[in-house]
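Peer 1: This is a predicted model, with the sequence first.
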Amino acid sequence: MHGYANPARFLRLARWLTPLLLVTGLVLTGIALAWALLAAPAERLQGDSAKILFVHVPAAWLGMGGWSALAIASLTELVWRHPLAAIGARAVALPGAFFSALCLATGSLWGRPAWGTWWVWDGRLTSMLVLLFLYLAYIALAEAADRDSQGSGQSRIPAIFGLVGAINIPIIHYSVLWWNSLHQPPSIAVGKSAMAPVFLYGLLAASLGFSLIFGGVVLARMRAILANSQAEARLRRKAMELEDA
Amino acid sequence: MTITPMKAKHQRLVLALIALVALIGAGVLAAWALRSQASFFYLPADYSANPPEAGRAVRLGGMVEKGSIKTAPDGVTITFVIHDDKARVPVTFRGIVPDLFVEGSGAVAEGRRQPDGTFRADNVLAKHDENYVPREMKDMTTEQARQAIEETS
């Protein structure tokens, strides 16, 4: 469990894994989206506008998956005091917020031709907007709390917020099942799909590609946070030496 | 027998799990309380059983009955019927409908109940279902398309 508590071991792994994830992710996403635009068939009722699902759906999954990872990292931080968990949770917040915003933006663009409206306050759209606000709140809280902790490392307050915010994830998922909503119920569940295979495989490829990019960005941000705190620690040591001299 | 004190790690785990269970419980309770209030629209069955007061802004959602869309002589007013398996409500609407608004498909009408029980819509939104099927399969009905997907996947 604490095998990677030593940042040196983690950094050795992340050094080659970061570019690997980013490059394969970009290539796979590029291929999937080029295929979606150029070769994928038009949808029966919606025509070409349904192709936005190859961005919208992975963005939604990653927005929700990001907070799930953030909540697990928060739990690990609170219970096992794993030093990388706090850094991991902070690293996930920004890409998570980005993909939630991307999901809302593409959904809005899709809603206009499909439903006839940019936005409605139904359960699914509202709970997804709440997720974006939770990410922004987490980022602000972590910034403020870490600044106040005065070099004693990462504050544990954001981890509590990360756990509490996890309640929104099942609400997003079940919003279209519990309540009547304009958004349709999920097309894909484990073992069955209401999506024709040609769309399904394209979607899975795009999702894998976006997920690899997400992972690469998280690793890059973890490395940046670690480098930052090392630089700060060095500066503090220098300052103390100067005071002693 | 002495009670051995829990390791700090286990104590934290138990505390975190209790907090998590309480949170999920609170969330489920809140969602349960909201189950009727947080719905986006009335189904025809609710609408007929507990009609909202006439003139209050509400939404009515369901399927557009096959063969029910009729254009009035003025060319911009349409009438159609929104139904579910229990009730049917006639709707009038003056304006432009989205492309996906077709008979046999889902729709949500925003507007007001009229004193005679019909519905006057100010805006009509189309719902689409969870099926995604290529154009080549467009002559199939939704049921046939679903079957074709199940056979090939």
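Peer 2: Cool, got the structure. Numbers count the residues shown, from 1 in each chain, chains lettered A, B, ... in the order given.
Peer 1: now the residue positioned nearest the centre of chain A, nearest residue through space, not along the chain?
Peer 2: The structure's chain A has its C-alpha centroid closest to A:Gly96; by Cα atoms, centre = their mean the separation is 2.7 Å. Take A:Gly96 and drop its neighbours on the chain: the residue closest to it by Cβ to Cβ, 6 or more residues apart in numbering or on different chains is A:Gly66, 2.9 Å away. (Glycine included, C-beta is placed from N, CA and C.)
Peer 1: Just want to check the distance between that neighbour and B:Trp32.
Peer 2: 27 Å (Cβ to Cβ, to the nearest Å).
Peer 1: More neighbours: which of those two?
Peer 2: Taking other Cβ atoms under 10 Å in any protein chain shown, A:Gly66 and B:Trp32 do not tie; A:Gly66 has more neighbours (24 against 9).
Peer 1: That one belongs to a helix?
Peer 2: Yes. The assignment for A:Gly66 (DSSP: H, G, I helix; E, B strand; the rest coil) places it in a helix.
Peer 1: got a list of what it touches?
Peer 2: A:92-93, A:95-96, A:99-100, A:135, A:214 (Cβ atoms under 8 Å, 6 or more residues apart in numbering or on different chains).
Peer 1: need those residues in TSV with pLDDT, distance to A:Ala194 and secondary structure, can you?
Peer 2: Formatted as TSV, the contacts of A:Gly66 follow (pLDDT from 0 to 100; distance: Cβ to Cβ, whole Å; DSSP: H, G, I helix; E, B strand; the rest coil):
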residue	pLDDT	distance to A:Ala194	secondary structure
A:Val92	97	30	helix
A:Ala93	97	33	helix
A:Pro95	97	29	helix
A:Gly96	97	27	helix
A:Phe99	98	24	helix
A:Ser100	98	24	helix
A:Tyr135	98	30	helix
A:Phe214	98	26	helix
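Peer 1: Buried subset of those as a PyMOL selection?
Peer 2: This is the PyMOL syntax for the buried subset of the contacts of A:Gly66, where burial follows 16 or more other Cβ atoms under 10 Å in any protein chain shown:
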select buried, chain A and resi 92+93+95+96+99+100+135+214
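Peer 1: Out of the contacts of A:Gly66, which comes closest to A:Thr24?
Peer 2: A:Phe214 (12.4 Å; Cβ to Cβ).
Peer 1: My read is that that closest one contacts A:Ala97, right?
Peer 2: No. Counting by Cβ atoms under 8 Å, A:Ala97 is not a contact partner of A:Phe214; they are 11.9 Å apart.
Peer 1: Now do the strands in chain B.
Peer 2: Remark: strands assigned in chain B by DSSP state E are B:57-64, B:70-71, B:77-83, B:88-94, B:106-113, B:119-126.
Peer 1: Could you export these to TSV, including columns for mean neighbour count?
Peer 2: Listed next are the strands of chain B as TSV, based on neighbours: other Cβ atoms under 10 Å in any protein chain shown:
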stretch	mean neighbour count
strand B:57-64	20
strand B:70-71	11
strand B:77-83	20
strand B:88-94	19
strand B:106-113	22
strand B:119-126	20
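Peer 1: can those strands go into JSON lines with extra columns for distance to A:Val218?
Peer 2: Converted to JSON lines, the strands of chain B look like this (distance: least, Cβ to Cβ, whole Å):
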{"stretch": "strand B:57-64", "distance to A:Val218": "40"}
{"stretch": "strand B:70-71", "distance to A:Val218": "55"}
{"stretch": "strand B:77-83", "distance to A:Val218": "46"}
{"stretch": "strand B:88-94", "distance to A:Val218": "48"}
{"stretch": "strand B:106-113", "distance to A:Val218": "38"}
{"stretch": "strand B:119-126", "distance to A:Val218": "37"}
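Peer 1: In TSV, list the ones you listed along with distance to A:Ala196 and mean pLDDT.
Peer 2: As requested, the strands of chain B are exported to TSV (distance: least, Cβ to Cβ, whole Å; pLDDT from 0 to 100):
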stretch	distance to A:Ala196	mean pLDDT
strand B:57-64	22	91
strand B:70-71	33	89
strand B:77-83	28	92
strand B:88-94	32	92
strand B:106-113	20	92
strand B:119-126	21	92
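Peer 1: Kindly state which of those strands is positioned closest to chain A.
Peer 2: Chain A sits nearest to strand B:119-126 of all the strands of chain B, at 4.9 Å, using Cβ to the nearest Cβ.
Peer 1: Now do the one helix or strand A:Trp110 maps to against strand B:119-126, angle only.
Peer 2: Using DSSP states H and E, A:Trp110 falls within helix A:83-115. Going by axes from the mean of the first three to the mean of the last three Cα atoms, to 10 degrees, helix A:83-115 is angled at 120 degrees with respect to strand B:119-126.
Peer 1: and helix A:83-115, which residues are buried?
Peer 2: In helix A:83-115, counting by 16+ other Cβ under 10 Å, buried: A:83-104, A:106-107, A:110-111, A:113-115.
Peer 1: Which parts of chain A are helices?
Peer 2: Assigned by DSSP state H, chain A shows helices spanning A:7-38, A:53-80, A:83-115, A:123-148, A:157-165, A:168-178, A:197-244.
Peer 1: Centre of the chain to the fifth one, how far?
Peer 2: Taking Cα atoms, centre = their mean, to the nearest Å, one finds the center of helix A:157-165 at 16 Å from the center of the full chain.
Peer 1: try the second one
Peer 2: Shown here is helix A:53-80, whose average C-alpha point lies 5 Å from the average C-alpha point of the whole chain (Cα atoms, centre = their mean).
Peer 1: Same check on stretch A:29-36?
Peer 2: Counting by Cα atoms, centre = their mean, stretch A:29-36 comes out at 21 Å from the chain centroid.
Peer 1: Just the CA trace of that stretch, in CSV.
Peer 2: Included here for stretch A:29-36 are C-alpha records, laid out as CSV according to Å, rounded to 0.1, in the frame of the first residue of the first chain:
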residue,chain,number,x,y,z
THR,A,29,-8.7,10.1,-29.7
GLY,A,30,-7.6,11.6,-33.0
ILE,A,31,-8.3,8.4,-34.9
ALA,A,32,-11.7,7.9,-33.2
LEU,A,33,-12.9,11.4,-33.8
ALA,A,34,-11.6,11.5,-37.4
TRP,A,35,-13.5,8.3,-38.0
ALA,A,36,-16.6,9.8,-36.3
